[in-house]
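In: model this:
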Amino acid sequence: MALVALADAELAFGLHPLLDGAALAVDAGERIGLIGRNGSGKSSLLAAIEGTLPLDGGELRRRDGLAIQRVEQEPLLPAAATLRESLCARGGIDGVADERERWRLVTRLGEYLHRFDADPDSDPGSLSGGGRKRAALALALALDPDLLLLDEPTNHLDLDGIALLEDLLLKGPTCIVITHDRAFLDRVATRIVELDRGLLRSYPGNFAAYERRKAEELAAEATARRKFDKYWAQEEVWIRQGVEARRTRNEGRVRRLEELRRLRAARLERAGDVKLSLDAGERSGKLVARLENVGKAFGGEPVVRDLTLTVMRGDRLGVVGPNGAGKTTLLRLILGQLAPDAGTVRLGTGLEVAYFDQLRETLDPEQSLAEAISPGSDWVEVGGRRRHVVSYLGDFLFPSARAQSPVRMLSGGERNRLLLARLFARPANLLVLDEPTNDLDIESLELLEATLQEYAGTLLLVSHDRRFLDNVVTQVIAAEGGGRWREYVGGYSDWIRQRPSPERPPAAPPKQTPAAAAPAPKPAARAKLSFKESRDLAALPGEIERLEAEQHALTASMGSPDYHQQGTAQIKADRERLAAIERELEEKFARWAELDARASTSPTA
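Out: Numbers count the residues shown, from 1 in each chain. Have a look, this model is predicted:
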């Protein structure tokens, strides 16, 4: 039996249908990527599956006893003294009657918080959006649900956080994930489900397989519509012949025409696409910015240390690094908006800068959409052409009726579109985009990519979207810790190939009892390894390599498009084996570190 099944599901807000006779079945072991345009109803669908939003019609069936956890786009954490206490309240852990089970859940929560680099003793009220997202993900995974529902989980996560989440989901529970991160979908998803005009369409495989199938479908749909419209036009000409159409033997044809008219009127057209155009204006000087031995610190912590960097006209520079590394600070130093503590920054000539703000702070929530685009005027100059602001807003999918609506009424995705509209409404030869992909749907994201590829100016881009970086930038500057930054040629994938291999952190020493921690009375106890220990030390690298190869093969198998067809028993066995491999690897690395340390301090024979 499927974990969840929807049949003839109906859901609408006002006159806008979100689900219109939709059907979906979710089997154990599946990892479903849920995609669709902004406002199509994806988040509402997750809430309906969870049971927090009732359907207007149709049927929703859930397996008896099904445990579901949902992580929203912007998770809310209950007020508490510590993050651990807040998450225990959010997850209902405090209400678990069995003390051993409650302790087990608290322990698991601590483990996942550690993996997501979240401090369980921190103040939940002081956390950033990324901190709240990591904490909510840690809780959801610690509770080990049968079905995990994730709404834009990669928003606010850095590249390391996204990679960790991918690894956990490959070994985790059945899940439905809303995301615009195409690289994430390619690695994680076993099936893509698209919510389009109230219907759910299913495509086996990852996002790359979906793209191929979707292109074929759209081509076939366009052909069918052209044929329909041609036939309809012919019938309209015939009906205007009058007397001939009224003959009894032609009544059936008249009825068919009436049905054609009804179908054409009711046909839901595909939502329009955002129309982007970007004017690079006058060319800047050949040199855009030159940083020499630049340093910047906050509170004694270096954010940029001894950085020398040259940005030339036409460069497309991608800035990557973990949250808190100082990516936005680096942008402000390059633009001359922030003075360095050491070194010099020289800006080129003729620079016209347009800045896309990650936090949308440049939008006044009380302004109307039209005022946000063109304050004090009804016209904008785009690409040398004068346009009315209402018509220009229509290019970004804002209907004329909303031109006077306040900015505060917009969703996250709509605010992103509005900020892009304002950004592109004036010429700029230096474009600075700080996380522009958050909240954009995939179609708008791909259109932004295409626009930036044609852009003739200089681009500075901060993004955690790996495919976006690959498709747009020509070089990457990456944070390498301690305020150090290094430049690499190419996009994200090129950086991954070129960067130094991360060193495996040394294994933690075995926990000692108070008695064992006391000073050893005989130093000779550390001396020479026994024959068995020497043999173990020699064999451990091969055993670790074998386990890692098995782990890699098993993970790849579980990520294949048809893996969910293996059956529940096999999927469960594979998950248990992956967990066992992790435990074995931890034990063998700890043993290897211990024996190797003793061997290196042993006197030579």
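In: how close does the residue nearest the centre of the chain sit to L330?
Out: In the chain, the centroid-proximal residue (C-alpha atoms, centre = their mean) is T154; its distance is 3.2 Å. According to C-beta to C-beta, to the nearest Å, T154 stands 22 Å off from L330. Every C-beta, even on glycine, is put in place using the N, C-alpha and C of the backbone.
In: still on that earlier bit, on the three-state scheme, the residue nearest to the centre of the chain is what?
Out: Using DSSP: H, G, I helix; E, B strand; the rest coil, the structure places T154 in coil.
In: What backbone torsions are found at it?
Out: phi -90, psi -10 (degrees, to the nearest 10).
In: Let me know the pLDDT of it.
Out: What the model reports as pLDDT for T154 is 92.
In: distance of D160 from W103?
Out: Distance, D160 to W103, using C-beta to C-beta: 30 Å.
In: Comparing these two, which shows the higher neighbour count?
Out: D160 (15 against 12; other C-beta atoms under 10 Å).
In: I'd like to check which residues are in contact with that one.
Out: By C-beta atoms under 8 Å, 6 or more residues apart in numbering, the residues touching D160 are P322.
In: repeat for L307
Out: L307 neighbours (C-beta under 8 Å, 6+ apart): 291, 293-295, 330, 343, 485.
In: ok, now I334?
Out: I334 neighbours (C-beta under 8 Å, 6+ apart): 289, 291, 309, 311, 345, 460.
In: Nearest spatial neighbour of the fifth one, chain-adjacent residues omitted?
Out: Ranked by C-beta to C-beta, 6 or more residues apart in numbering and with sequence neighbours excluded, the top spatial neighbour of V345 is L291, at 5.3 Å.
In: just checking, that neighbour is part of a helix?
Out: No: read with three-state DSSP, L291 is strand and lies in no helix.
In: Just list whatever residues bridge to it.
Out: Assessed by DSSP bridges, L291 has beta-bridge partners L309, V345.
In: Over to L199?
Out: Under the criterion used (DSSP bridges), L199 bridges to D196.
In: Tell me how far it lies from L554.
Out: In terms of C-beta to C-beta, L199 sits 36 Å off from L554.
In: A342 too?
Out: 50 Å.
In: Repeat that for I334.
Out: 44 Å.
In: mind listing the helices for the stretch 101-250 of the chain?
Out: Applying DSSP state H, counting those that start in this stretch to the stretch 101-250 of the chain gives helices spanning 129-142, 159-170, 182-188, 207-239, 243-246.
In: how about CSV for these, with distance to S40 and mean pLDDT added?
Out: Supplementary listing: the helices of the stretch 101-250 of the chain in CSV, determined by distance: least, C-beta to C-beta, whole Å; pLDDT from 0 to 100:
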stretch, distance to S40, mean pLDDT
helix 129-142, 22, 93
helix 159-170, 23, 94
helix 182-188, 16, 95
helix 207-239, 15, 75
helix 243-246, 41, 49
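In: Out of these, which gets nearest to G376?
Out: Between G376 and those, the shortest gap by C-beta to C-beta is with helix 129-142, which sits at 33.3 Å.
In: Check which helices and strands that closest one sits against.
Out: Packing partners of helix 129-142 (3 or more C-beta pairs under 8 Å, 6 or more residues apart in numbering; DSSP states H and E): strand 68-71, helix 83-90, helix 99-115, strand 147-151, helix 159-170.
In: In JSON lines, list those along with distance to A28.
Out: Formatted as JSON lines, these follow (distance: least, C-beta to C-beta, whole Å):
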{"stretch": "strand 68-71", "distance to A28": "13"}
{"stretch": "helix 83-90", "distance to A28": "26"}
{"stretch": "helix 99-115", "distance to A28": "21"}
{"stretch": "strand 147-151", "distance to A28": "9"}
{"stretch": "helix 159-170", "distance to A28": "15"}
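In: mind checking which of these is nearest A5?
Out: The nearest among these, by C-beta to C-beta, is strand 147-151 at 12.1 Å.
In: Run the chain-centre distance for that closest one.
Out: Relative to its parent chain, strand 147-151 has a centroid offset of 13 Å by C-alpha atoms, centre = their mean, to the nearest Å.
In: pLDDT-wise, which helix or strand of this protein ranks last?
Out: The weakest-scoring helix or strand in the chain, judged by mean pLDDT, DSSP states H and E, is helix 514-517 (a mean of 38).
In: helix or strand right after it?
Out: Under the assignment DSSP states H and E, the closest C-terminal helix or strand after helix 514-517 is helix 531-558.
In: roughly how far is the helix or strand following that next one from the heart of the chain?
Out: Later in the chain than helix 531-558, the nearest helix or strand by DSSP H and E is helix 568-601. Helix 568-601 sits 30 Å away from the centroid of its parent chain (C-alpha atoms, centre = their mean).
In: Quick one: list the elements packing against helix 568-601.
Out: helix 531-558.
In: how much does the helix it packs on deviate in direction from helix 159-170?
Out: Helix 531-558 and helix 159-170 are oriented at 80 degrees to each other (axes from the mean of the first three to the mean of the last three C-alpha atoms, to 10 degrees).
In: ok so, going back, what's the closest of the contacts of L307 to L60?
Out: Using C-beta to C-beta, the contacts of L307 come closest to L60 at L330, 48.3 Å.
In: how near is the closest one to V304?
Out: From L330 across to V304, the span is 6 Å (C-beta to C-beta).
In: next one: L317
Out: 15 Å.
In: Run through the strands of the stretch 401-550 of the chain in chain order.
Out: Ranges of strands in the stretch 401-550 of the chain, per DSSP state E, counting those that start in this stretch, are 430-434, 458-462, 475-479, 485-489.
In: Could you spell out the sheet neighbours of the last one, each with its direction?
Out: Taking DSSP bridges as the criterion, strand 485-489 sits next to strand 475-479 (antiparallel) in its sheet.
In: Using PDB, write out the CA atom coordinates for the strand it pairs with.
Out: Presented in PDB, the C-alpha positions along strand 475-479 are these (Å, rounded to 0.1, in the frame of the first residue of the first chain):
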ATOM      1  CA  GLN A 475      35.900  32.300 -12.500                       C
ATOM      2  CA  VAL A 476      35.300  31.500  -8.900                       C
ATOM      3  CA  ILE A 477      36.700  33.100  -5.800                       C
ATOM      4  CA  ALA A 478      36.300  30.700  -2.800                       C
ATOM      5  CA  ALA A 479      36.700  31.200   0.900                       C
END
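In: could you give the angle of that strand to strand 458-462?
Out: 40 degrees.
In: Show the average pLDDT along strand 475-479.
Out: 94.
In: for it, the distance to its chain's centre please.
Out: 20 Å.
In: Contacts for it, please.
Out: So strand 475-479 is contacted by 309, 315-322, 325-327, 330, 469, 485-492, 494-495, 499 (C-beta under 8 Å, 6+ apart).
In: Make a ChimeraX selection of the buried ones in these.
Out: The buried subset of the contacts of strand 475-479, as determined by 16 or more other C-beta atoms under 10 Å, is captured in ChimeraX by this line:
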select :309,315,316,317,318,319,320,321,322,325,326,327,330,469,485,488,490,491,492,494,495
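In: Take the contacts of strand 475-479 and keep only those in helices.
Out: Of the positions in the contacts of strand 475-479, 327, 330, 469, 492, 494-495 sit in helices, assigned by DSSP state H.
In: wait, which of the helices of the stretch 101-250 of the chain is closest to W592?
Out: Here helix 159-170 is closest among the helices of the stretch 101-250 of the chain (C-beta to C-beta), at 22.2 Å.
In: quick one: buried residues of that closest one?
Out: By neighbour count on 16+ other C-beta under 10 Å, the buried set for helix 159-170 is 159, 161-162, 164-166, 168-170.
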